[in-house]
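1. got a structure for you, letters missing:
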């Protein structure tokens with residue numbers, strides 16, 4: 001019985017840390033499970049239906065938004081779950097959280113293998129979960145590509161550490177169908193070989209060939225735009241983007257983004273302090289810290305030529321590398337200092353992540369209230385053209401601009417004449433959704449249309465008031 005007791009003890013020590021991290025994930029980010037669809041989510045939900053196998057292949061593999069080829073993390077993810085569950089956000093959210101839990105188990109196994117320290121492995125998981133970039137990915141369904149590609153990257157790296165070269169190459173190749181940032185995996189694998197197993201360097205060379213072939217195919221199918229936020233800029237602005245992302249990753253910038261009424265000197269002071277602590281962690285964390293720093297820079301490198309498209313969620317993979325840097329010191333001689341450093345990082349980043357989660361959650365509520373309120377009215381009053389008024393900019397962007405009502409078979413929802421005056425979207429597309437007065441007035445006068453006020457997310461029929469206002473104005 002002794003060996004059985006020892007086996008149970010070893011199993012507990014092995015699986016308890018990632019299980020604890022998963023429980024923290026659910027306890028802290030539980031509102032992410034309750035997020036509704038908003039903004040770009042609706043664009044992906046419009047995929048399908050497929051009436052033939054050929055159409056299915058086109059839906060899954062054809063390039064979509066901005067020419068990106070992401071068959072697993074966008075096309076199949078949205079098409080498959082919608083085909084199974086309809087316009088129901090919960091299954092999508094469950095998949096996101098399940099993927100994140102799987103990544104935590106992978107991260108635990110990798111850091112434990114690199115450092116021989118269960119404490120460092122657990123700290124890496126918590127430091128990663130605390131980063132505000134993780135909060136964004138756990139709330140916004142359409143950026144599931146970030147969660148999926150990181151899981152596949154971690155799985156490939158874990159297989160590499162096991163010496164399973166063919167399996168890791170297969171997983172890496174599949175990962176290219178999740179997100180283009182996966183092209184940097186060969187560089188991550190090479191850095192690991194340089195640090196831990198020099199004789200394995202030659203076996204990483206074929207991976208670069210796969211990345212090069214995918215990159216060539218990607219630019220052949222979807223050439224980079226010459227203008228706009230997605231235009232590549234090979235200029236010193238790359239370093240400006242690196243500085244901006246690093247400020248965001250360290251925590252104080254994201255926190256002050258929401259607590260803007262705090263003294264402004266706290267932002268540079270807090271960022272400088274966190275930067276110094278990260279450098280100290282890098283200096284004391286030995287090889288694992290160097291690998292973590294490499295992961296941070298390598299996964300960030302492809303987005304640096306896009307200085308006009310700085311997005312917090314693009315730090316999702318890089319923030320994992322930063323977490324490894326911070327946690328690796330727990331495997332060295334300066335354990336107490338490393339523990340204090342991680343505690344400081346958590347103290348700054350967890351409140352920032354809570355704010356990011358709250359913002360995204362509330363944005364999803366704005367979308368849900370508008371969409372479901374209008375859908376409920378339409379079901380009670382079928383065959384009417386619905387004209388919305390009282391809509392503000394947030395409501396327009398979160399729950400109208402991407403045509404959510406068409407998912408419910410409603411092709412007759414427009415903005416009422418004059419409703420665009422309260423909407424100030426950067427693209428200036430709100431007027432395109434307004435039904436012209438010469439078409440709207442006959443519909444309203446004949447009872448074939450209704451005006452709905454959606455102020456504050458509460459849908460009210462204000463047709464009579466709207467028509468009375470028009471008569472007075474005349």
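-> Looks like it arrived, so ask away. Fair warning: this is a prediction, and the values are worked out from it, not measured in the lab.
2. is it true that residue 294 touches residue 191?
-> Yes. At 4.4 Å, residue 294 counts as touching residue 191 under the criterion of CB atoms under 8 Å. In this view, the C-beta of every residue, glycine as well, is placed from N, C-alpha and C.
3. tell me the mean pLDDT over the helix or strand hosting residue 274?
-> With elements delineated by DSSP states H and E, residue 274 resides in helix 266-284, which encompasses its position. Averaged over helix 266-284, pLDDT sits at 86.
4. give the buried residues for that helix.
-> For helix 266-284, burial by neighbour count (16 or more other CB atoms under 10 Å) applies to 267, 270, 271, 274, 277, 278, 280, 281, 282, 284.
5. show the contacting residues for the fourth one.
-> Right, residue 274. With contacts taken as CB atoms under 8 Å, 6 or more residues apart in numbering, residue 274 has the following neighbours: 250, 251, 252, 344, 345, 348.
6. change it to 10 Å
-> Shown here is residue 274, whose contacts under the criterion CB atoms under 10 Å, 6 or more residues apart in numbering are 246-247, 249-253, 326, 341, 344-345, 348-349.
7. re the thing from before, can you tell me which of the buried residues of helix 266-284 is nearest residue 372?
-> Minimum distance to residue 372 across these is 38.8 Å, recorded for residue 267 (CB to CB).
8. for that closest one, which non-adjacent residue is spatially closest?
-> The shortest distance from residue 267 to any residue that is not its chain neighbour, by CB to CB, 6 or more residues apart in numbering, is 4.7 Å, and that residue is residue 256.
9. try residue 131
-> residue 319 (3.9 Å).
10. isn't the residue nearest to residue 267 right up against residue 250?
-> No. In this structure, residue 256 sits apart from residue 250 without contact. The criterion is CB atoms under 10 Å, and the distance is 11.4 Å.
11. these two: who's more crowded?
-> Looking at residue 256 and residue 250 with other CB atoms under 10 Å, you find the greater number of neighbours at residue 250, namely 23 against 20.
12. what's the pLDDT at the more buried one?
-> In the predicted model, residue 250 carries a pLDDT score of 90.
13. distance of residue 258 from residue 269?
-> Applying CB to CB, to the nearest Å, one obtains 18 Å for the distance of residue 258 from residue 269.
14. pLDDT below threshold where in the stretch 51-200 of the chain?
-> Low-confidence segments of the stretch 51-200 of the chain, defined by pLDDT under 70, are located at 66.
15. what touches both of residue 256 and residue 250?
-> Common neighbours of residue 256 and residue 250, counting by CB under 10 Å, 6+ apart, are 270, 271.
16. residue contacts, the spatially most central residue of the chain?
-> Centroid check for the chain by CA atoms, centre = their mean gives residue 137 as the closest residue, at 3.0 Å. Taking CB under 10 Å, 6+ apart as the contact definition, residue 137 lies against 29, 32, 96, 99-100, 131, 143-147, 150, 312-313, 315-317, 319, 360.
17. please parse the protein into its domains.
-> For the chain, the domain assignment from automatic domain parsing gives the residue ranges 12-362, 381-473.
18. ok so, going back, tell me the one of the buried residues of helix 266-284 nearest residue 235?
-> Of all these, the one sitting nearest residue 235 is residue 271; the distance, using CB to CB, is 24.0 Å.
19. in this structure that closest one contacts residue 264, no?
-> No. Shown here, residue 271 and residue 264 do not form a contact pair, counting by CB under 10 Å, at 11.9 Å.
20. please enumerate the shared neighbours of these two.
-> Once CB under 10 Å, 6+ apart is applied, the residues that residue 271 and residue 264 both contact turn out to be residue 256.
21. all helices for the stretch 51-200 of the chain, in order.
-> 53-61, 77-85, 89-115, 118-130, 132-137, 144-161, 165-175, 185-196 (DSSP state H, counting those that start in this stretch).
22. got it, and the stretch 251-400 of the chain?
-> According to DSSP H, counting those that start in this stretch, the helices that the stretch 251-400 of the chain contains are 252-258, 266-284, 286-300, 316-328, 335-380, 393-399.
23. tell me which of those sits most buried.
-> Mean neighbour counts were taken over those using mean count of other CB atoms under 10 Å, and the top value, a mean of 28, falls to helix 316-328.
24. for that one, name the packing helices and strands.
-> Contact analysis of helix 316-328 by 3 or more CB pairs under 10 Å, 6 or more residues apart in numbering; DSSP states H and E lists helix 89-115, helix 118-130, helix 132-137, helix 144-161, helix 237-250, helix 266-284, helix 286-300, helix 335-380 as its packing neighbours.
25. and that helix, how far out from the chain middle?
-> The chain centroid and the centroid of helix 316-328 are separated by 17 Å, computed with CA atoms, centre = their mean, to the nearest Å.
26. same check, this time on stretch 372-381
-> On the basis of CA atoms, centre = their mean, stretch 372-381 is displaced by 31 Å from the centre of the chain it belongs to.
27. and for stretch 233-243?
-> Stretch 233-243 has its C-alpha centroid displaced from the chain centroid by 22 Å (CA atoms, centre = their mean).
28. just stretch 151-162 next, same as before
-> Here stretch 151-162 is found 21 Å from its chain centre; the criterion is CA atoms, centre = their mean.
29. and that stretch, what's buried?
-> For stretch 151-162, the buried set under the neighbour-count rule, 16+ other CB under 10 Å, comprises 151, 152, 153, 154, 155, 156, 157, 158, 159, 160, 161.
30. which one of the residues you listed is nearest to residue 458?
-> The shortest approach to residue 458 among those belongs to residue 151, at 40.0 Å (CB to CB).
31. wait, what's in contact with that closest one?
-> Contacts of residue 151 were listed using CB under 10 Å, 6+ apart, and they are 73, 98-107, 171, 175, 178.
32. can you report how many residues lie near residue 139?
-> Under the neighbour criterion other CB under 10 Å, residue 139 is assigned a count of 26.
33. what sits closest to it if chain neighbours are left out?
-> In space, not counting the residues next to it along the chain, residue 139 is nearest to residue 360; the distance is 3.5 Å by CB to CB, 6+ apart.
34. ok so, going back, where's the residue nearest to residue 131 relative to residue 126, distance?
-> Residue 319 sits 12 Å away from residue 126, going by CB to CB.
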